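Engineer: 3D model of this:
(chains A and B)
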Amino acid sequence: MREITYGEALREAMAEEMRKDEDVILIGEDVGKGYRGCFGVSTGLFEEFGPERIIDTPISENTILGSGIGASLMGMKPIVEIMFADFIGVCFDGILNQVSKINFMSGDQFNLNLVIRLPGGSGGGTGPHHSQCLEGIFQSIPGLNIVLPSNAYEAKGLLKTSISLGKPVLFFEHKKLYKLKSGVPEQEYAIPMGKGRIVQEGDDLTIVAVSYMVEVAKKVSEQLKKENGVNIEVIDPRTVVPLDTELIGNSVEKTSKLVILEEGPLRGGIGAEVAAIASEKFFDFLDYPVKRIASKNTPIPMTPSLEKEVIPTPERVVEEIRDFLGLKKGLLIKD
Amino acid sequence: MEFSKALLLDMLEKMVLIRRFEEKVYQLATRGVVHGSVHLCIGEEAASVGSTMPLEKKDYILPTHRGHGQGLQKGADPNRLLAEIVGRKEGLCKGRVGSMHFFDKDNNNLGAQGILGAQFPIAVGVGLAIKLKKMDSILACYFGDGTSNQGTFFEALNFADMWDLPIIFVCINNLYGMGTHYEDTCNIKVHQKAKLYNMEVKTADGTDVKDVYKKMSGLVKKVRKERRPAMIECYTYRFLGHSAFDNRPYRPKEEVKEWKSKDPIKRLEAELVQQGIKEEEIEKIKDKIEEIIKGSEEFALGADFPIFDPSMET
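Structural biologist: Purely as a prediction, here's the structure:
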């Protein structure tokens, strides 16, 4: 299978849907003529679809999002790009009180097709205003689908589904993934909402990881397998709302141990929600308390010496899992 | 602009419908039949009717939180609107959301707004879709004097200007944002704000349905043809409180007296009588509306409450 980057996969998804359906448009700051997206994701789209469908905007997040809401009320399928996920704070009302509620409030007169693309994540020294993983906040707003693609294949398949879902989607992209390549078939495919995947099988421990943390989980698993003989099952839920609890439950039934790994802050995050669900539904399967690994409860610092302490680096994740299992380096789990 | 007797009688009928509808809602609210809060537009009927009548079926509206008048005038079935307000499943939105948040897709009403100022960004998107789909429609985006102080207002004016959107921003200036006079919140008149963004701007006597109608008709024609935004500010007065249970201690008695003397319905009735319309003809219109409202009350209160359905959970 050919390999393309995450950014290219997103671009292909948008271009293919735009060719199929005139109602699909892209709206955002610097998505078109000049910059082609802050991270280059919309490269070539302006040339192919022109200024009426790849729409550059003033710096006004409220109205960028509102443009998408209004156009979707009119039956279009807008994709709104908020340049950095952090800027969503500027247009929070649109998420909190408008997109999340319109389908319900209208008594199903409207079924909005609206995707809000949100590049997030730290690691590049971009600091407190350009580095956050905010998906945890939005879990507690009913009415939103929350999608977290973890590689190029996932990005393309999930974006294509999101564009015509009939429900609003917060589509959290991770900046560290944009350049990462993986196999993406040339032929048409889509990935459904609420259906997670087993990234790799194992029977000693389950890690539920989202977005870029799937890459970290893979790396950590390899190391712990080599150094401690631990067979880790990595689950990528793909979407946290809706959440594939069945897949998580089946894995925990096998491994009896659950770790949730995310880059958002620990308090009230994805891990908190999954841990609560696990304790309600899978208590009998668990031999250990559920473990959350996440960013520390601080803003994301710019300075590398601080940033690496705050976000869950592979080194920290390895240490935390060893502590969790009562293992030291070199000690095998079977011992 | 010439106003035929038939047109004036039609305007009167529409204003009386809104007045009686609102009086019924008020009565039901004070009897405890309405569960949530209601914002009534008694006193503002000329602004509602005069600004919405020139729109066509194919045109769109975004009403305010005080939007029953705008919604009714755009074609909402009074039975189903009242059923929505009292939370019955026959309501426009299945009885889920009540007075402040009603949508009426069949009549191109894209949703009343409980968050003041949230309609402006949405209006831009509606205008954008109209433009991209090359539709002949236009959008009337309603708002109050107080809401013009939201940042979203300025953003939307800028987008509408930059993108040449067919939007008429309709300000119903009833002097007060809840209990605060608009002159205490901004030194710049609402319509002057729109002028900054290169659009055609009109002001109207919002107690005179003919004045509002005439000016709005001109703007509708212009916006439909030129595909550019415009704005109208209608000066009017709400006779009741911000919500149904506000005793209005913030209002000087003299001010209330003055505005009540300009009651838009009495004003039009007096003019009709002066033009030789018989009082019986006016009474006949009122009787007809009485029957409609009576029917709406029976329909709404006779309908069932909605039942929670697990599929509502997302």
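Engineer: Run the chain-centre distance for the helix or strand of chain A with the lowest mean pLDDT.
Structural biologist: Ranked by mean pLDDT, DSSP states H and E, the helix or strand of chain A with the weakest confidence is helix A:304-310, at a mean of 94. The chain centre lies 22 Å from the centre of helix A:304-310; the measure is CA atoms, centre = their mean, to the nearest Å.
Engineer: Pull the residues that contact the helix or strand A:V318 falls within.
Structural biologist: Counting by DSSP states H and E, the element that carries A:V318 is helix A:314-325. Here helix A:314-325 makes contact (CB atoms under 8 Å, 6 or more residues apart in numbering or on different chains) with A:205, A:216-217, A:219-220, A:223-224, A:228, A:230, A:257, A:259, A:261, A:288, A:291, A:293, A:328-329, A:333. (C-beta placed from N, C-alpha, C; glycine too.)
Engineer: Would you mind listing which of these are buried?
Structural biologist: Neighbour counting with 16 or more other CB atoms under 10 Å in any protein chain shown marks A:205, A:216-217, A:220, A:223-224, A:228, A:230, A:257, A:259, A:261, A:291, A:293, A:333 as buried within those.
Engineer: so what's the residue sitting nearest the centre point of chain A up against?
Structural biologist: What sits nearest the mean C-alpha location of chain A, by CA atoms, centre = their mean, is A:L148, with 1.9 Å. Contacts for A:L148 (CB under 8 Å, 6+ apart) come out as A:135, A:172, A:174, A:210-211, A:237-240.
Engineer: okay, these in TSV with pLDDT and neighbour count next?
Structural biologist: Below are the contacts of A:L148 laid out as TSV (pLDDT from 0 to 100; neighbours: other CB atoms under 10 Å in any protein chain shown):
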residue	pLDDT	neighbour count
A:E135	97	25
A:F172	98	24
A:H174	98	27
A:V210	98	32
A:S211	98	30
A:P237	98	26
A:R238	98	26
A:T239	98	25
A:V240	98	27
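Engineer: out of the residues you listed, who's near chain B?
Structural biologist: Among the contacts of A:L148, no residue sits close to chain B (CB under 8 Å from any CB of the partner chain).
Engineer: Now intersect these with the helices, please.
Structural biologist: With helices taken from DSSP state H, the overlap with the contacts of A:L148 comprises A:E135.
Engineer: and the contacts of A:L148, which of them are in strands?
Structural biologist: Among those, the ones falling in strands (DSSP state E) are A:172, A:174, A:239-240.
Engineer: Which single one of these is nearest to A:M302?
Structural biologist: A:M302 has its nearest neighbour among those in A:H174, at 18.4 Å by CB to CB.
Engineer: I'd guess A:G143 is in a strand, am I close?
Structural biologist: No: using DSSP: H, G, I helix; E, B strand; the rest coil, the assignment for A:G143 is coil, not a strand.
Engineer: need the contact list for it.
Structural biologist: A:99-101, A:103-104, A:167-168, B:314.
Engineer: again, only this time at 7 Å
Structural biologist: A:100-101, A:103-104, B:314 (CB atoms under 7 Å, 6 or more residues apart in numbering or on different chains).
Engineer: do the same with B:A160
Structural biologist: B:A160 neighbours (CB under 7 Å, 6+ apart): B:124, B:127, B:167, B:229.
Engineer: switch the cut-off to 6 Å
Structural biologist: B:167, B:229 (CB atoms under 6 Å, 6 or more residues apart in numbering or on different chains).
Engineer: and A:I277, how many neighbours does it have?
Structural biologist: A:I277 is flanked by 15 other residues according to other CB atoms under 10 Å in any protein chain shown.
Engineer: and it, backbone torsions?
Structural biologist: Torsion angles at A:I277 (phi, psi; degrees, to the nearest 10) stand at phi -60, psi -40.
Engineer: what's around the closest residue to it other than its chain neighbours, how many residues?
Structural biologist: Distance criterion CB to CB, 6 or more residues apart in numbering or on different chains; nearest residue to A:I277, sequence neighbours excluded, is A:T245 at 5.7 Å. By other CB under 10 Å, 17 other residues sit near A:T245.
Engineer: per-residue pLDDT, A:T245?
Structural biologist: Looking at A:T245, its pLDDT is 98.
Engineer: Contacts for the least confident helix or strand of chain A next, please.
Structural biologist: The contact list for helix A:304-310 (CB under 6 Å, 6+ apart) reads A:295-296, A:298, A:301.
Engineer: Need the buried ones from those selected in PyMOL.
Structural biologist: Listed next is the PyMOL selection for buried residues among the contacts of helix A:304-310, using 16+ other CB under 10 Å:
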select buried, chain A and resi 295+301
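Engineer: for the contacts of helix A:304-310, which one is nearest B:L240?
Structural biologist: Nearest member of the contacts of helix A:304-310 to B:L240, counting by CB to CB, is A:T298, at 50.6 Å.
Engineer: quick one, what contacts the closest one?
Structural biologist: A:V310.
Engineer: Got phi/psi on A:D244?
Structural biologist: Torsion angles, degrees, to the nearest 10, at A:D244: phi -80, psi 80.
Engineer: Now do the SS call for the nearest residue to A:V234 once chain neighbours are set aside.
Structural biologist: In space, and not counting its chain neighbours, A:V234 is closest to A:V199: 4.0 Å by CB to CB, 6+ apart. Classification of A:V199 by three-state DSSP places it in strand.
Engineer: so what's A:V199 up against?
Structural biologist: A:214, A:234, A:236.
Engineer: For the residues you listed, give me JSON lines that also has distance to B:E269.
Structural biologist: Shown next, in JSON lines, are the contacts of A:V199 (distance: CB to CB, whole Å):
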{"residue": "A:V214", "distance to B:E269": "72"}
{"residue": "A:V234", "distance to B:E269": "76"}
{"residue": "A:D236", "distance to B:E269": "70"}
